[in-house]
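J.: this one's sequence-less:
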């Protein structure tokens, strides 16, 4: 799989962007949930309209940018660090869950909020209260779950991750064996040279001795 190691400054900058975007996405979802609850529980038509209009504003301007920024920065981090995209189960699950949530926010949450806002602005009641509040609830549940697995990092390595680890260990062992072999050859060569010098020194001493 494509892998480019990020430099330390680039990794830190990407991590800051990712955490900030993810936190913003989580906060935005909490806000949408609060506004949806206000819209379906109040008896005031003005409050309902204000809450739904606010939801539409957030959905139109913030949901998709934050979702894409979280997804892309997470992808860069996974491909540019030791974690990899398919080496650890928690990273793999988090990536696909983030992608699914992004798609759902784009093609389900935003159109639903837009439709509700149009109906309420025309003087009607909220057409589907369950649909209005379930979107934020599902999104919030997914974000909390992703936050938990990001902290706990459960489930260990994937099959690809185990294979990569075994290959790395075999390569490291091969390099260690090669290094030991070279060291032994060097020691043997130094011992041979030392023995040759010792014999020459002994022969010279014998020659110098008087008859």
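T.: That came through, no problem. Keep in mind that this is a model prediction, so the values were computed, not measured. Numbering: from 1, shown residues only.
J.: Any stretches of this protein with poor pLDDT?
T.: 1-3, 177, 187, 191, 193-211 (pLDDT under 70).
J.: So what's the residue count around the nearest residue to residue 156 once chain neighbours are set aside?
T.: What sits nearest to residue 156 in space, not counting adjacent residues and going by CB to CB, 6 or more residues apart in numbering, is residue 89, at 6.3 Å. Just so you know, the C-beta spots here come from the backbone N, C-alpha and C atoms, and that holds for glycine as well. Neighbour count of residue 89, defined by other CB atoms under 10 Å: 17.
J.: And residue 65, by the same measure?
T.: 12.
J.: Now do the residue nearest to residue 156 against residue 83, distance only.
T.: Look at residue 89 and residue 83: by CB to CB, to the nearest Å, they are 11 Å apart.
J.: So which residues make contact with stretch 13-20?
T.: Residues outside stretch 13-20 that contact it (CB atoms under 8 Å, 6 or more residues apart in numbering): 6, 69, 70, 73, 74, 76, 77, 80.
J.: Please, where are all the helices along this protein?
T.: With helices called from DSSP state H, the chain shows them at 8-41, 45-58, 64-80, 89-104, 110-121, 129-152, 159-208.
J.: buried set for stretch 89-105?
T.: Across stretch 89-105, burial judged by 16 or more other CB atoms under 10 Å covers 89, 90, 91, 92, 94, 95, 98, 101, 102, 104, 105.
J.: for these, which one is nearest residue 44?
T.: Set against residue 44, the nearest of these by CB to CB is residue 105 (28.1 Å).
J.: ok, now which ones touch residue 33?
T.: 133, 136, 137, 140.
J.: Buried ones among the residues you listed?
T.: Counted by 16+ other CB under 10 Å, those give 133, 136, 140 as buried.
J.: Format these as CSV; extra columns: distance to residue 192.
T.: Below are these laid out as CSV (distance: CB to CB, whole Å):
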residue, distance to residue 192
133, 84
136, 78
140, 74
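J.: between the residues you listed, which is closest to residue 176?
T.: For the buried ones among the contacts of residue 33, the nearest to residue 176 is residue 140 (49.7 Å; CB to CB).
J.: Apart from its neighbours in sequence, what residue is nearest residue 22?
T.: Leaving aside its sequence neighbours, residue 22 sits nearest to residue 70 (CB to CB, 6+ apart; 4.9 Å).
J.: ok, that neighbour touching residue 28?
T.: No. Look at residue 70 against residue 28 with CB atoms under 8 Å: they stay out of range, at 10.8 Å.
J.: Neighbour count for the two, which is higher?
T.: Set side by side, residue 70 and residue 28 give different neighbour counts by other CB under 10 Å, the larger being at residue 70 (25 against 21).
J.: Residue 6 versus the more buried one, what's the distance?
T.: For residue 70, the distance to residue 6 (CB to CB) stands at 17 Å.
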